[in-house]
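Undergrad: sequence first, predicted coordinates after that:
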Amino acid sequence: MTNKKEIIAGIIIIGNEILSGRTQDINTKTISLWLNTIGIKVTEVTIIADVEQTIIDTVNEFKKRFNYVFTSGGIGPTHDDITAQSVSKAFNIEYGPHKEAMKILENYYQPGEFSEGRQKMAWMPVSAKLIYNPSSGAPGFNVENVYCLPGVPSILKSMIGGLTNELVGGDPIISHTLSLRTVESEIAKSLSNVQDNNKDVDIGSYPFFKAGKLGVSIVLRSPEQKKIDKCNSEILKFVKEKNIELVENS
């Protein structure tokens, strides 16, 4: 199987609440796992504040460097939700009420409920393409290769599936995990040798502590199952030789 050209993505997490530690970022994991299934590799994630110039500069930099850019956060109704107007400025597109988004939200709310604050959720680059929201009505939007999504994890998760057919990916990236009852120093040299023999497999090593015992999870990632299998068998060989307990192989 010939691997298609590598398609890469960058993620911009926007929000003071993430930087302050008040809110945990789980959207990176959600977006990355979803993109893996369609063969798009996330190679960079950045977390930035709700500051207009920072958002403009980061979006302008990322849209040049990545095939796809995903932003999360800052498209709600409150005063510090400034992602939409910042992205408008990054692309030099008029910021205002998006006709289609206004219609969607007018229909979503009961008569008299579509307040000025809620109308703000329909303000965005006026020529943007909408990303539909099956959870709470308010759409995200897309300009060129930049996709702007909400920060609420459950709503974001409900919206990304609708984008799957719009994105051009490479081969889906397969992931395989081996968990060993050992420490990293014990397997470092052997694992380096395996990596040298399998340059096009991404091998990650992650310590864990479970049930009072230390261990290491080795994660193999590649678009090709046969390359994962080869790598896996080489690791199992040194695991057996070193008499290391295998906790998981899946």
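TA: Yes, it's here.
Undergrad: show the contacting residues for Y132.
TA: The contact partners of Y132, by Cβ atoms under 8 Å, 6 or more residues apart in numbering, come to I104, P139, M159, G162. Any C-beta I mention is one placed from the backbone N, CA and C, and that applies to glycine too.
Undergrad: count the neighbours of the second one for me.
TA: Going back to what we said before, that points to P139. By other Cβ atoms under 10 Å, 25 other residues sit near P139.
Undergrad: isn't it up against I104?
TA: Yes - taking contacts as Cβ atoms under 8 Å, P139 lies within contact range of I104: 6.1 Å.
Undergrad: ok, back up a step: which one of the contacts of Y132 is nearest K226?
TA: Among these, G162 lies closest to K226 (Cβ to Cβ), at 32.8 Å.
Undergrad: so what's the residue count around that closest one?
TA: 13.
Undergrad: quick one on the thing from earlier: which one among the contacts of Y132 gets closest to T30?
TA: Distances from T30 to the contacts of Y132, taken by Cβ to Cβ, are shortest for M159, at 10.4 Å.
Undergrad: check the offset of stretch 232-247 from the chain's centre.
TA: Stretch 232-247 sits 32 Å away from the centroid of its parent chain (Cα atoms, centre = their mean, to the nearest Å).
Undergrad: which of the residues in it are buried?
TA: Residues N232, E234, I235, V239, I244, V247 are the ones in stretch 232-247 that count as buried (16 or more other Cβ atoms under 10 Å).
Undergrad: so what's the residue lying closest to R181 once chain neighbours are set aside up against?
TA: Counting by Cβ to Cβ, 6 or more residues apart in numbering, R181 lies nearest to E245, which is 3.9 Å off, once chain neighbours are set aside. By Cβ under 8 Å, 6+ apart, E245 lies in contact with L180, R181, T182.
Undergrad: how near is E245 to S179?
TA: Counting by Cβ to Cβ, to the nearest Å, the gap from E245 to S179 is 10 Å.
Undergrad: got it, and F114?
TA: Taken as Cβ to Cβ, the span from F114 to S179 is 51 Å.
Undergrad: so what touches stretch 76-84?
TA: Against stretch 76-84 from outside (Cβ under 8 Å, 6+ apart): 14, 16, 50, 52, 55, 71, 73-75, 95, 117-118, 120-121, 123-125, 138, 141, 148, 150-151.
Undergrad: now which of those would you call buried?
TA: Neighbour counting by 16+ other Cβ under 10 Å classes 14, 50, 55, 71, 73-75, 95, 118, 120-121, 123-125, 138, 141, 148, 150-151 among these as buried.
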